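J.: with the input below, show me the fold.
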Amino acid sequence: MAAIEKLEVELGHPGQVTIRVKRIRGARAYLHQYTTEPPTSETVWMNEGSIKPNFTFRTLKSGVKYWFRIVALGKADQTVYSPVETRIVQ
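T.: Here you go, the predicted structure:
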């Protein structure tokens, strides 16, 4: 699978954030992830799975800084990670 070069993060209504990447050829599913901690190898990510390359989180806390990423999942345990983006949710 090709690398994910860009993660788009769009702030919506209070507590709402949409994240998206271009569809990845060979991806069978996507994990849409966020965390409230600066990412390290120990970070626990919250996941929402989908067959779509975009997802809207609707119940995030306003005024909190979040880190976002998307993981594309392919056959034979292939995984590709997007860059991490951060936003303060309105």
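J.: in the one helix or strand residue 31 maps to, what's buried?
T.: Following DSSP states H and E, one finds residue 31 within strand 29-35. Under the neighbour-count criterion of 16 or more other CB atoms under 10 Å, strand 29-35 has 30, 31, 32, 33, 34, 35 buried. (Glycine included, C-beta is placed from N, CA and C.)
J.: so which of those is the closest to residue 24?
T.: residue 30 (8.1 Å; CB to CB).
J.: tell me how far the closest one lies from residue 14.
T.: Counting by CB to CB, to the nearest Å, the separation of residue 30 from residue 14 is 25 Å.
J.: next one: residue 72
T.: Distance of residue 72 to residue 14, computed by CB to CB: 29 Å.
J.: neighbour-wise, which of those two wins?
T.: residue 72 (24 against 11; other CB atoms under 10 Å).
J.: and the strand or helix carrying that one with strand 29-35, angle?
T.: For residue 72, the host element (DSSP H and E) is strand 65-73. Interaxial angle of strand 65-73 relative to strand 29-35 (axes from the mean of the first three to the mean of the last three CA atoms, to 10 degrees): 160 degrees.
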